[in-house]
Structure formats: structure tokens, C-alpha cells
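[1] Sharing a sequence plus its predicted fold:
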Amino acid sequence: MTQQGLGLALGMGGARGWAHIGVLQELARIGVVPEYLSGCSMGALVGAAWAGDRLSPLEDWATNLTMQGVLGYIDLKLFGGGLVEGGEIARLAARLDLPQLIEDLPRQVSMVATDMSSGEEIILRRGPLADAVRASTAIPAVFTPKFLDGRWLLDGALVDPVPITPCRAMGANRVIAVNVNATMGKPLWAARALPQVSEGLFSRMVRPDILPDNLRNLLGWPAERTPVPDKPDKPRLRDPNYMDVVLTAVDILCEGVLRHRLTLDPPEVMIDLDLRHIGILELHRADEAIAAGRAAVAAQADAILAVARG
């Protein structure tokens with residue numbers, strides 16, 4: 001049964017956002033169904049699937065992704081406003097058999113984007129569903145901006161990483177918020193060991209012709225020519241690559257924005273997840289993230305139920 005007046009805010013996080021699937025599943029298991037949902041970035045995609053009763057097909061799709069599959073979905077656009085066009089998002093919406101319009105979804109949902117000209121927060125509640133999700137997930141310098149209703153739109157995380165206030169604007173009088181990007185006192189970026197990839201292993205994981213070496217490096221994927229030493233003395237740490245710099249810069253910005261917004265409009269319950277070990281673009285790690293989402297709700301079930309019951 002839907003809890004009247006209850007809102008759920010699903011935040012940014014890229015691949016970490018698959019945890020929202022587990023959050024929604026565990027909420028349903030303990031009998032909590034929000035009346036309103038507002039999503040940002042990956043939270044917008046998962047929220048749209050939930051609002052359209054297509055969460056299970058989305059989980060099936062996400063948990064069957066492989067590294068090769070992720071690379072195959074990259075539609076490069078090197079001379080535009082980002083590296084990736086992001087057309088797969090529209091195709092995914094069609095594959096999930098979601099309605100074409102937001103207002104035709106069975107449940108109430110909104111998606112947050114950022115106006116590239118004014119810097120304003122844009123709350124999308126009507127219009128083309130796939131375009132709204134695409135706009136909300138347009139990570140700067142990674143995905144190209146989305147032109148919608150006469151505006152160029154970017155990732156909503158730039159102005160509202162966990163959209164609590166949009167939930168209240170929809171009518172919620174109490175909000176459960178989910179932050180899959182919580183730092184938990186950890187650094188926003190830390191050097192990782194160079195991947196231990198033997199000669200030929202990478203070509204067995206992905207087709208070598210998908211991306212040239214320079215683009216693999218740009219995206220942070222291991223290169224074909226990264227041999228494993230016979231007896232390494234200690235792990236070699238790699239320097240930050242292009243994606244590390246871009247995504248960490250976005251993280252730094254969004255962390256500051258979130259802290260400010262939480263002082264102005266804190267949720268009744270905040271669910272923080274420690275998922276820093278999953279890279280924002282590691283979309284093939286959905287199983288881990290979904291399990292973490294379920295566990296996070298279970299750990300705070302008493303507080304969640306108290307708020308849900310009003």
C-alpha cells in the first residue's frame with residue numbers, strides 16, 4: 001500500500017546508482033511504497049523504471065551487463081559537447097516498454113536537470129520520458145548535453161545531487177533520501193593499482209576494435225599492452241586519467257552542493273551508502289550495488305518504517 005505524503009529522493013552516482021534498485025526492492029519488502037519519487041542522474045533512470053512498474057526488467061538488464069557490453073553501448077561523439085552521445089538511454093527506455101511521456105507513468109515521478117545557460121534547477125514532470133532521463137544523466141564532459149524544450153540541459157547533480165526539495169514540491173510531507181555517493185570519510189579519489197591484465201586477456205574480455213588504445217586509457221579501461229610482471233615487488237599505482245579528473249571534479253562540486261542543500265532542507269531519513277569502491281562508469285557491477293542497496297534499507301528499517309507510517 002502506498003504511504004500517502006511519503007517521498008523518496010534518489011541521488012546521483014553513475015554505476016553506484018544501481019543500488020537504488022535494491023533500495024526500492026527492500027522498501028517494498030518491508031511494506032514501504034512512496035507516493036512521490038524524484039530522481040537525479042542514475043536515480044532518474046531507476047526512478048522512471050520503478051514508476052513504470054519495470055524495475056525487474058531493468059535489474060535483469062543491469063545485472064547481465066559485462067565490460068564488453070558497456071563498451072559496446074558507447075556511442076562516441078568526439079567533436080561535440082561530450083565524449084558520448086548517450087543514445088542507449090532512449091533505446092533502453094523503449095526496451096523496458098516504458099510510456100513515452102512522464103505523465104503517463106502509473107506513479108508520480110520527477111527528474112532533475114540543470115539549465116546550461118542559467119544554472120537553474122529544472123524539474124521535469126511532463127514531456128518525453130527518455131529525453132528527461134537523458135538530460136538528467138548528462139554528466140558534463142562525458143555525455144553531451146540534451147536539448148529539450150528550448151534549453152540545453154546537463155546532469156541534475158550539478159544543482160541538486162539528492163533531490164529532496166523536488167519531492168516536497170510534488171506534495172511530500174516527509175522524505176526518505178538515498179545518497180549512493182556518500183564519502184563515509186574516504187577521499188573523493190584515490191590512486192588505484194594498475195590492472196593486472198596479462199597479454200591477450202583484454203582482447204578476450206572486449207573486442208579490440210571497439211576502442212583504440214588512447215580512448216581505452218581515456219575511459220580508464222585497461223590497455224591490451226599491460227603485462228603482469230612475473231614477480232611484482234609491489235602494486236604500481238596509476239596516474240589519474242581523463243575520466244578520473246572529470247568525474248572527481250564533478251564529485252567535488254556535487255559534494256559541496258549537497259552539504260549546502262542538506263542544511264536548508266534535510267530529509268526525515270537519509271540512507272548513505274559506502275560505494276566508493278565502484279567506479280562511476282563501472283556499470284557492469286550492478287549485482288554489488290543492488291545488494292548494497294537492500295542491505296542499507298534493512299539496516300535502517302526501523303527508522304524508515306517510523307517515517308513511512310507518519
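    Done, it's in.
[2] Can you tell me, leaving aside adjacent residues, what's nearest to residue 266?
    Nearest non-adjacent residue to residue 266, counting by CB to CB, 6 or more residues apart in numbering: residue 164, 7.5 Å away. Any C-beta I mention is one placed from the backbone N, CA and C, and that applies to glycine too.
[3] Next: residue 276.
    residue 186 (5.2 Å).
[4] Got phi/psi on that neighbour?
    phi -90, psi 160 (degrees, to the nearest 10).
[5] rewinding a little: ok, the residue nearest to residue 266 - how many residues close by?
    Other residues near residue 164 come to 27 when the count uses other CB atoms under 10 Å.
[6] doesn't residue 264 make contact with it?
    No. Look at residue 164 against residue 264 with CB atoms under 8 Å: they stay out of range, at 9.2 Å.
[7] re the thing from before, tell me how far the residue nearest to residue 266 lies from residue 305.
    From residue 164 over to residue 305 the distance is 19 Å, taken as CB to CB, to the nearest Å.
[8] Surely residue 159 touches residue 116?
    No. Contact criterion CB under 8 Å: residue 159 and residue 116 do not qualify, at 11.2 Å.
[9] So which of those two has more stuff around it?
    The residue with more neighbours, out of residue 159 and residue 116, is residue 159; 21 against 18, by other CB under 10 Å.
[10] Nearest residue to that one in space, please, no chain neighbours.
    Take residue 159 and drop its neighbours on the chain: the residue closest to it by CB to CB, 6+ apart is residue 121, 4.3 Å away.
[11] Ramachandran coordinates for that neighbour?
    phi -80, psi 130.
[12] Tell me how many other residues crowd it.
    17.
[13] for it, what are its contacts?
    Under the criterion of CB atoms under 8 Å, 6 or more residues apart in numbering, the neighbours of residue 121 are 112, 113, 114, 115, 156, 159, 160, 166.
[14] what is it paired to in the beta sheet?
    Per DSSP bridges, the residues bridged to residue 121 are residue 114.
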